[in-house]
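*Asks:* This is the structure alone, sequence omitted:
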């Protein structure tokens, strides 16, 4: 769960009992102006709420960071918790990695001794990856897919001609705190690194995951079988789904529309942040039954969902947790949130306090006036 809290004194933060958690500190100009800052939206240059200067991280020994924050501004909005990267965050990482490693040859592979990240046997994974050229990196749902070229030795293995045209795929799921970083070999290896792919250029592709909820796997493609199509995920692609197909997904479903949007078997890649934001923009309450929405409402929701996702991709995703792109740079869509994490704050459209409830086990935010 992610929560937003206001702290007005350094002692408040030091006595808050949050010392064992990660958090993000946003500098504020006033107690009524949490991120995203209404003052900033209105062009108030003196208003600093919601501006990462930069975002500060803290663990048990974080008192110096708090005092550094105190020197910058009087008020602090603290965002706690670790939501899972969603479609825009994963898309941003995949695009960044693709630009940096396409065409690279994996010369060697190091994998950690921790078992949790590996869905494929680590020894088999290292053997499969070593010597492969990376042809393409892209997103499928919340997964990052590496298309790998077949080895030249496949000919000597006596495979049929039709089976030599495709190589395997490396599948990466970031989990809650996973990061894929492209780094120079001289850059110190971060703690909690579980995979290092040494590339022909001398750089390294590193998978870092403190919580170890991320997953790494090899997907075997065989041109003579249906798997030759490659990894396809579990649901439909929200960025490209047609109006007719989108409407048919929810026809007759006796479940709240918010829960249906989070169902990865229907639409893969949509998570809590963008479900809340798209429902707000479509003017639909999260608890309404999916099967009772009209065609007009569902088309409005599809348009809002695609608009929100594309805009978030343009801004590099929402950095409300550990998310960073392939260079370790944070996204900025969290500054565009209209309802997510804004419980109790005035709606940016009508001024009604945003309500927070729990739906399908997830914190859910909506405007009772703008959403019907």
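*Replies:* Yep, it's here. Treat the numbers as computed from the prediction; the structure is a model and nothing was measured. Numbers count the residues shown, from 1 in each chain.

*Asks:* Do a quick rundown of the helices in the chain.
*Replies:* If DSSP state H is used as the criterion, the helices of the chain fall at 10-14, 38-41, 63-70, 87-101, 122-129, 243-250, 257-262, 272-282, 295-314.

*Asks:* And the longest one, what does it pack against?
*Replies:* Same thing as helix 295-314. Packing partners of helix 295-314 (3 or more C-beta pairs under 8 Å, 6 or more residues apart in numbering; DSSP states H and E): helix 87-101, helix 243-250, helix 272-282. For the C-beta atoms, the positions are set from N, CA and C on the backbone; glycine is no exception.

*Asks:* could you check the angle helix 272-282 makes with it?
*Replies:* Interaxial angle, helix 295-314 versus helix 272-282 (axes from the mean of the first three to the mean of the last three C-alpha atoms, to 10 degrees): 130 degrees.

*Asks:* And the average pLDDT for helix 295-314 is what?
*Replies:* The pLDDT scores in helix 295-314 average 94.

*Asks:* which other residues reach it?
*Replies:* Here helix 295-314 makes contact (C-beta atoms under 8 Å, 6 or more residues apart in numbering) with 87-88, 91-92, 238-239, 241, 243, 246-247, 250, 257, 261, 270, 274, 277-279, 281-284, 293, 318, 331, 333, 336.

*Asks:* Tell me how far residue 284 lies from residue 233.
*Replies:* Distance from residue 284 to residue 233, counting by C-beta to C-beta, to the nearest Å: 25 Å.

*Asks:* which of the two has more neighbours?
*Replies:* In this view residue 284 and residue 233 are compared by other C-beta atoms under 10 Å, and residue 284 has more residues nearby, 23 against 17.

*Asks:* quick revisit: kindly reformat the helices and strands packed on helix 295-314 as CSV containing mean pLDDT, mean neighbour count and distance to residue 312.
*Replies:* Converted to CSV, those look like this (pLDDT from 0 to 100; neighbours: other C-beta atoms under 10 Å; distance: least, C-beta to C-beta, whole Å):
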stretch, mean pLDDT, mean neighbour count, distance to residue 312
helix 87-101, 91, 23, 4
helix 243-250, 97, 16, 19
helix 272-282, 95, 25, 7
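
*Asks:* With distance to residue 112 added, can I get the ones you listed in TSV?
*Replies:* Below are these laid out as TSV (distance: least, C-beta to C-beta, whole Å):
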stretch	distance to residue 112
helix 87-101	20
helix 243-250	39
helix 272-282	29
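
*Asks:* neighbours of the nearest residue to residue 365 once chain neighbours are set aside, just the number please.
*Replies:* Nearest residue to residue 365 in three dimensions, chain neighbours excluded: residue 339, at 4.1 Å (C-beta to C-beta, 6 or more residues apart in numbering). Neighbour count of residue 339, defined by other C-beta under 10 Å: 26.

*Asks:* thinking residue 339 is in contact with residue 366, fair?
*Replies:* Yes - applying C-beta atoms under 8 Å, one finds residue 339 in contact with residue 366, separated by 5.9 Å.

*Asks:* Mutual contacts of these two, please.
*Replies:* Common contacts of residue 339 and residue 366, defined by C-beta under 8 Å, 6+ apart, comprise 276, 280, 354.

*Asks:* Go through those residues and say which is closest to residue 181.
*Replies:* Closest approach to residue 181 among these (C-beta to C-beta): residue 276, at 28.8 Å.

*Asks:* Tell me what residue 108 is bridged to.
*Replies:* Listed by DSSP bridges, the beta-bridge partners for residue 108 are residue 198.

*Asks:* ok, now which ones touch it?
*Replies:* When contacts are counted by C-beta under 8 Å, 6+ apart, residue 108 touches 130, 197, 198.

*Asks:* one more time with 10 Å
*Replies:* Taking C-beta atoms under 10 Å, 6 or more residues apart in numbering as the criterion, residue 108 is in contact with 126, 129, 130, 131, 196, 197, 198, 199, 204.

*Asks:* next one: phi and psi at the residue nearest to residue 86 when sequence neighbours are not counted?
*Replies:* Closest residue to residue 86 apart from its sequence neighbours, by C-beta to C-beta, 6+ apart: residue 271 at 3.6 Å. Note on residue 271: its backbone torsions stand at phi -130, psi -160 [degrees, to the nearest 10].

*Asks:* Let me know the distance separating residue 219 from residue 363.
*Replies:* 33 Å.

*Asks:* oh sorry, the question was meant for residue 217
*Replies:* Taking C-beta to C-beta, one finds residue 217 at 30 Å from residue 363.

*Asks:* same check, this time on residue 370
*Replies:* Distance from residue 370 to residue 363, by C-beta to C-beta: 19 Å.

*Asks:* Name all residues that make contact with the nearest residue to residue 263 once chain neighbours are set aside.
*Replies:* Excluding the flanking residues, the one nearest residue 263 by C-beta to C-beta, 6+ apart is residue 235, at 7.4 Å. Contact analysis of residue 235 by C-beta under 10 Å, 6+ apart lists 141, 241, 249, 263, 264, 265, 266, 267, 268, 269, 270.
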